[in-house]
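[1] Sequence plus the predicted model coming up.
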Amino acid sequence: MYHVTMTIHTIANDELERAVAVLRSGELLAFPTETVYGLGADASNPQAVKKIFALKGRPSSHPVIVHIGDVSELSRWASEVSPAAQKLAAAFWPGPFTLILKRAATVNDAVTGGQDTVALRVPSHSIAQQLLRAFGGGIAAPSANRFGHVSPTLASHVRDEFGDDLLVLDGGDCEIGLESTIISCAGEVPHLLRPGKITLSQLQAVVPEVTTALAIDTPRAPGMLEKHYSPATPIRIVNRVQLDQLLYEYVQRKQKVAVLAMYAGDIEQDTVSWVNAGNDAAAYAHSLYANLRTLDKAGAQCMLVEQVPSGEQWQAVTDRLQRAAAD
């Protein structure tokens, strides 16, 4: 079984009632999960789900994840649940893990991007669980940010994106900080589509057939675009030697530069904004989006990001950084 230690957060009954009323009226709200904050709507209401796409500026062909309260709700959303999917759900739910399955006939196209599959997740965050139980249905929720931008891990990040008119349930700092691992069990072989906190070796320990090789009919999934999770400041991923050289050149030209490194910088210049993210994979992942947002506010011409180590503990971070830096 997969276990992740989470801080217990709660919301007051009146705030919970307001949140449920917002969802039932077909409007949007933002809520915390253990990965990032989600922009939620009633998943069974196509018009409400379309408001997510309009607010984010998200293409309608890009599917969203439906958050459900418990594994027992799978049959409401999926027409087929393979033995592999059942094993994975039992091992990793609730948690930072999304299953793509063949959709049930009642699932609307708004959440699936017009595909015959649906993405489902049982979040472990206590407020997300509290909301799902009180609402009694599925909540469609991509990350609560403009499409393609850096995902939010604090309530203040959501307000920075959408202002104060959107109801935001404040659950503190998201403890994982990167989006969920996504597995497609819609075909004969389970495919890893998006890396996350749960690694390939952990998945294969439960279902050995899980593969990273994509099939021709692999469904579209959230976070698979070449460019995603991007700050406004252009990112360049470099090794430490290149970082030092480029930094020197920026300083000589007196041009503003932002740096996300794994060590503390010793350059004291007004033109340099530096974040030392350390070399612990989990801590780096937890703070990645907050660090990108902080450095993005520096007004720099470029953000130099030190290349992180190889290995599956760093795979999700590498994936997000590569997409953030893509042209």
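    Perfect, thanks for sending it. Numbers count the residues shown, from 1 in each chain.

[2] how close does residue 55 get to residue 41?
    10 Å (CB to CB, to the nearest Å). Where you see a C-beta, it was placed from the backbone N, CA and C, and this is true even at glycine.

[3] what is in contact with these two at once?
    Common contact partners of residue 55 and residue 41 (CB atoms under 8 Å, 6 or more residues apart in numbering): residue 28.

[4] of those two, who's got more company?
    residue 41 (29 against 17; other CB atoms under 10 Å).

[5] Helix, strand, or coil at that one?
    strand (DSSP: H, G, I helix; E, B strand; the rest coil).

[6] Repeat that for residue 50.
    Applying three-state DSSP: residue 50 is helix.

[7] and the protein, what are its domains?
    Domain assignment for the chain by automatic domain parsing gives 13-206, 235-325.

[8] Ok, which of those comes nearest residue 213?
    domain 13-206 (7.3 Å; CB to CB).

[9] ok, the nearest residue to residue 272 once chain neighbours are set aside to residue 24 distance?
    The spatially closest residue to residue 272, leaving aside those adjacent along the chain, is residue 257, at 5.8 Å (CB to CB, 6 or more residues apart in numbering). According to CB to CB, residue 257 stands 49 Å off from residue 24.

[10] Now do stretch 276-292: everything it contacts.
    In contact with stretch 276-292 (CB under 8 Å, 6+ apart) are residues 36, 150-154, 157, 173-178, 197, 229, 231, 260-265, 275, 303, 308-309, 313-314, 316-317, 320-321, 324.

[11] ok, residue 219 touching residue 114?
    No. Taking CB atoms under 8 Å as the definition, residue 219 is not a contact partner of residue 114, at 10.8 Å.

[12] Which one of these two is surrounded by more residues?
    Legend: neighbour count by other CB under 10 Å for residue 219 and residue 114, higher for residue 219 (23 against 10).

[13] who's in contact with that one?
    For residue 219, the contact set (CB under 8 Å, 6+ apart) comprises 63, 100, 115, 117, 184, 186, 193.

[14] which among those gets closest to residue 81?
    residue 186 (10.5 Å).

[15] What residues does that closest one make contact with?
    Residue 186 neighbours (CB under 8 Å, 6+ apart): 80, 100, 101, 102, 116, 117, 219.

[16] just residue 256 next, same as before
    Residue 256 touches 250, 271, 272, 273, 298, 299, 300, 301, counting by CB under 8 Å, 6+ apart.

[17] for residue 238, same thing?
    Per CB under 8 Å, 6+ apart, neighbours of residue 238: 246, 304, 305, 306, 307.

[18] Report how many residues lie close to the second one.
    Residue 304 has 23 neighbours, counted by other CB under 10 Å.

[19] How about the fourth one?
    Residue crowding around residue 306 was assessed by other CB under 10 Å; the count is 20.

[20] Quick check: phi and psi at the residue nearest to it when sequence neighbours are not counted.
    Among residues not flanking residue 306 along the chain, residue 261 sits closest, at 4.4 Å (CB to CB, 6+ apart). In terms of degrees, to the nearest 10, the main-chain angles of residue 261 are phi -120, psi 170.
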